[in-house]
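Q: I need the structure of the sequence given here:
(2 chains)
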There are 2 protein chains.
Amino acid sequence: MTKKIGYLGPRGTFTKIAVDAIFNGEDKESYTTIPECIDALDAGEVTYGVLPLENAIEGTVNVTLDYLIEKKDIKIISEVIVPIRQHLMVHPSQAETWRDIETIYSHPHAIAQCHHFLHNDMKHVKAESVSSTGAAAKYVSEHPELHIGAIANHLAAEEYGLSIVKKDIHDFTNNHTRFVVLHKQSSELLSKRLEVKGHKTSLIITLPSDHPGALHQVLSAFAWRKVNLSKIESRPMKTGLGNYYFLIDVEQKMDDVLIPNTIAELESLGCSVDVLGSYPYFLLNGISVHA
Amino acid sequence: MTKKIGYLGPRGTFTKIAVDAIFNGEDKESYTTIPECIDALDAGEVTYGVLPLENAIEGTVNVTLDYLIEKKDIKIISEVIVPIRQHLMVHPSQAETWRDIETIYSHPHAIAQCHHFLHNDMKHVKAESVSSTGAAAKYVSEHPELHIGAIANHLAAEEYGLSIVKKDIHDFTNNHTRFVVLHKQSSELLSKRLEVKGHKTSLIITLPSDHPGALHQVLSAFAWRKVNLSKIESRPMKTGLGNYYFLIDVEQKMDDVLIPNTIAELESLGCSVDVLGSYPYFLLNGISVHA
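A: Numbering: from 1, shown residues only, chains lettered A, B, ... in the order given. Here you go, the predicted structure:
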């Protein structure tokens, strides 16, 4: 059976950049929302799902995480970290006269990320929000007669045949989005083109009760084993404000001793622990995935 | 001088619900992006700014946080926690025949949050993304002739004269967004209508180096003083992946002894600590701010 990849669309988004970095030649299907993509994976319509997990433009970590926690048989098997680079692009017929554009279209988060550029260099230009950076690029490509531009990534420029007239207009450099590859069973997915930067194991830890120092006790179980954490985030439980669970990324592969022992110890303290996956991660940095 | 309130617009968004809960009668100005609103506050064009800090529909915590960290004289002086309740609404002329609608408009995150309802009850209906829940409601109000609906909050229904035909269609109950009131100096802003639920002090802590157990050591400084934390989140520094700082919410007011001593101790360990604010928080729960 051919493997099929589901991802958060439309074409020309940052998620698609992550998909193309990991998968090559497989059948790729875009979904409008994160839950639709996870449902398709759950129902076996696609073999893998690629979704933003953190700091995304198109999606939100909350929705992806909520569904990962709900669907316990879906695991993270790989992660691609994509630098968020925003460019100003126009229809090729306006590439010479781009300083005359009157309106710039983009996703509201992308407009916010390019605030300094828009405020200082394009003060006379109106910024209009649309539903995604890809949709903005598509709109510009379909309206060569209008004096407009889009803020989007290089893939959107390629997909819709636009000319990039100003590169890297985002305020903060080193802004990244983490995309995860999801699968219905635990495994590790490697990329043919990207070098493995390291491994992570993602855990969801629910504390028995909200008392001062409970988190400190949980972290002690990792600290005395010298297990490094690359991320920790408390998130409110859906049962109400004030009850928290923790998302913890351990900076190593699931092993036979250290992590299982930590988990056993946490469970004996009354915590519940779910493993979201143990997986390699890749950094997409400065390389063109179309090379 | 009359006080002016800046907020993340447009009208009919969840941010506006937070603004109306805290402020009454003052001059309110909506901004298209989070940085524009913060710039207006910085330049003295508005006295207060109201922005989403966590789990928002219209904005992202990252942009608000990035700017709060950059602009050190802007402080959090109050917080309103707003339950995220999504409703299906149509033009009043279609209130009886709403089951015949063919397309539902909303922000992509709101569409994702109502996935179960859309998937189970409205499977034949197309979901279309627009830039905000408010924009979706506006579009529906302007096109009474089309068989369309919007997913948005109750304020949007009021603002644009739409009929709510299905209430609370979001998947997860107890989904909240935290909105913060920002001001150019530290103070505490109380609400005339809402009861104070508690106090928080928000700290940004940067660790001296990324070594196993560093975070554990930081948390020890709070734990042995029995200072409770209501939130902890690690976030990558803009200087590159792998360097993290921590956003920590302490569940109490800034005092003369405990918190200053903790900060002094952390600084002596080589951490840098910034106070984003010490402020009361309010929960907007089940009450109508228009009552």
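Q: secondary structure element holding residue A:216?
A: In the assignment (DSSP states H and E), residue A:216 maps to helix A:214-223.
Q: ok, is that helix in contact with chain B or not?
A: Yes. Helix A:214-223 lies within reach of chain B by Cβ under 8 Å from any Cβ of the partner chain, at A:215, A:216, A:217, A:219, A:220, A:222, A:223. In short, each C-beta sits where N, CA and C put it, glycine included.
Q: show me which of the residues you listed are buried.
A: Neighbour-count burial (16 or more other Cβ atoms under 10 Å in any protein chain shown) is assigned, among those, to A:215, A:216, A:219, A:220, A:222, A:223.
Q: domains of chain A?
A: Domain assignment for chain A by automatic domain parsing gives A:1-83+A:173-185, A:87-166, A:201-280.
Q: can you put these in TSV and add mean pLDDT?
A: TSV is the format used below for these (pLDDT from 0 to 100):
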stretch	mean pLDDT
domain A:1-83+A:173-185	86
domain A:87-166	93
domain A:201-280	85
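Q: how would you label residue A:264: helix, strand or coil?
A: Per DSSP: H, G, I helix; E, B strand; the rest coil, the local secondary structure of residue A:264 is helix.
Q: what of residue A:227?
A: coil.
Q: kindly report the same for residue A:46.
A: Residue A:46 - assigned by three-state DSSP - is coil.
Q: residues contacting the closest residue to it other than its chain neighbours?
A: With Cβ to Cβ, 6 or more residues apart in numbering or on different chains as the measure, residue A:6 is the residue that lies nearest to residue A:46, at 3.6 Å, once sequence neighbours are left out. For residue A:6, the contacting residues are A:28, A:29, A:30, A:31, A:37, A:40, A:41, A:45, A:46, A:48, A:49, A:50, by Cβ atoms under 8 Å, 6 or more residues apart in numbering or on different chains.
Q: keep only those of those that are in strands.
A: Judged by DSSP state E, the contacts of residue A:6 include A:28, A:29, A:30, A:31, A:48, A:49, A:50 as members of strands.
Q: the first one pairs with what?
A: Here residue A:28 shows beta-bridge partners residue A:5, assigned using DSSP bridges.
Q: quick one, what contacts it?
A: With Cβ under 8 Å, 6+ apart, residue A:28 has these contacts: A:4, A:5, A:6, A:7, A:19.
Q: ok, the nearest residue to the fourth one once chain neighbours are set aside to chain B distance?
A: I take that to be residue A:7. Counting by Cβ to Cβ, 6+ apart, residue A:7 lies nearest to residue A:50, which is 4.2 Å off, once chain neighbours are set aside. To chain B, residue A:50 is 16 Å away according to Cβ to the nearest Cβ, to the nearest Å.
Q: list the contacts for residue A:50?
A: Contact analysis of residue A:50 by Cβ under 8 Å, 6+ apart lists A:5-8, A:15, A:18-19, A:22-23, A:80, A:179-182.
Q: show me where chain A has its strands.
A: Under DSSP E, chain A gives strands at A:4-8, A:27-31, A:48-54, A:75-83, A:87-90, A:103-106, A:126-129, A:148-152, A:163-166, A:176-183, A:196-206, A:229-236, A:244-250, A:272-283.
Q: out of those strands, nearest to residue A:139?
A: strand A:103-106 (5.7 Å; Cβ to Cβ).
Q: close to chain B, is that closest one?
A: No. Contact of strand A:103-106 with chain B (Cβ under 8 Å from any Cβ) is absent, the minimum separation being 9.5 Å.
Q: ditto for stretch A:260-267
A: No. Counting by Cβ under 8 Å from any Cβ, chain B has no neighbours in stretch A:260-267; the shortest distance is 12.7 Å.
Q: ok, residues contacting that stretch?
A: With Cβ under 8 Å, 6+ apart, stretch A:260-267 has contacts from A:203, A:205, A:218, A:221, A:222, A:225, A:227, A:254, A:273, A:275.
Q: what's across from the residue nearest to the spatial centre of chain A in the sheet?
A: What sits nearest the mean C-alpha location of chain A, by Cα atoms, centre = their mean, is residue A:52, with 2.5 Å. Taking DSSP bridges as the rule, residue A:52 bridges to residue A:179.
Q: apart from its neighbours in sequence, what residue is nearest residue A:114?
A: Going by Cβ to Cβ, 6+ apart, residue A:114 has residue A:169 as its nearest residue, at 4.8 Å.
Q: for that neighbour, what are its contacts?
A: A:86, A:87, A:88, A:114, A:117, A:118, A:151 are the contacts of residue A:169 under Cβ under 8 Å, 6+ apart.
Q: ditto for residue A:257
A: Counted by Cβ under 8 Å, 6+ apart, residue A:257 has zero contacts.
Q: for it, grab phi and psi.
A: When read as degrees, to the nearest 10, the backbone of residue A:257 gives phi -120, psi -70.
Q: tell me how far it lies from residue A:230.
A: Per Cβ to Cβ, to the nearest Å, residue A:257 is found 20 Å from residue A:230.
Q: and stretch A:67-84, does that touch chain B?
A: Yes. Contact of stretch A:67-84 with chain B (Cβ under 8 Å from any Cβ) involves residue A:81.
Q: buried sites along that stretch?
A: A:67-69, A:74-84.
Q: would a markdown table of the residues you listed with distance to residue B:250 be doable?
A: What follows is those, written out as a markdown table (distance: Cβ to Cβ, whole Å):
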| residue | distance to residue B:250 |
| --- | --- |
| A:67 | 31 |
| A:68 | 29 |
| A:69 | 27 |
| A:74 | 35 |
| A:75 | 35 |
| A:76 | 32 |
| A:77 | 37 |
| A:78 | 37 |
| A:79 | 32 |
| A:80 | 35 |
| A:81 | 31 |
| A:82 | 34 |
| A:83 | 33 |
| A:84 | 31 |
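Q: between these, which sits nearest residue B:195?
A: Among the buried residues of stretch A:67-84, and counting by Cβ to Cβ, the member closest to residue B:195 is residue A:69, at 31.9 Å.
Q: just list whatever residues bridge to residue A:78.
A: residue A:181.
Q: who are the contact partners of it?
A: A:22, A:180, A:181, A:188, A:189, A:190, A:191, A:279, A:280, A:281, A:282 are the contacts of residue A:78 under Cβ under 8 Å, 6+ apart.
Q: give the ChimeraX command for selecting the buried subset of those residues.
A: Buried residues within the contacts of residue A:78, by 16+ other Cβ under 10 Å, are selected in ChimeraX with:
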select /A:22,180,181,188,189,191,279,280,281,282
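Q: tell me the one of the contacts of residue A:78 nearest chain B?
A: residue A:281 (9.9 Å; Cβ to the nearest Cβ).
Q: so who does the closest one touch?
A: Contacts of residue A:281 (Cβ under 8 Å, 6+ apart): A:78, A:79, A:80, A:81, A:196, A:197, A:198, A:199, A:200.
Q: what is the nearest of these to chain B?
A: residue A:81 (6.6 Å).
Q: isn't that closest one up against residue A:174?
A: No. Applying Cβ atoms under 8 Å, one finds residue A:81 not in contact with residue A:174, separated by 10.9 Å.
Q: was I right about residue A:176 contacting residue A:85?
A: No. With contact defined as Cβ under 8 Å, residue A:176 does not reach residue A:85; the gap is 10.1 Å.
Q: now residue A:3. Nearest residue, chain neighbours left out?
A: residue A:47 is the one closest to residue A:3 (Cβ to Cβ, 6+ apart), at 4.3 Å.
Q: oh, that last question was meant for residue A:10, not what I typed.
A: Excluding the flanking residues, the one nearest residue A:10 by Cβ to Cβ, 6+ apart is residue A:134, at 4.6 Å.
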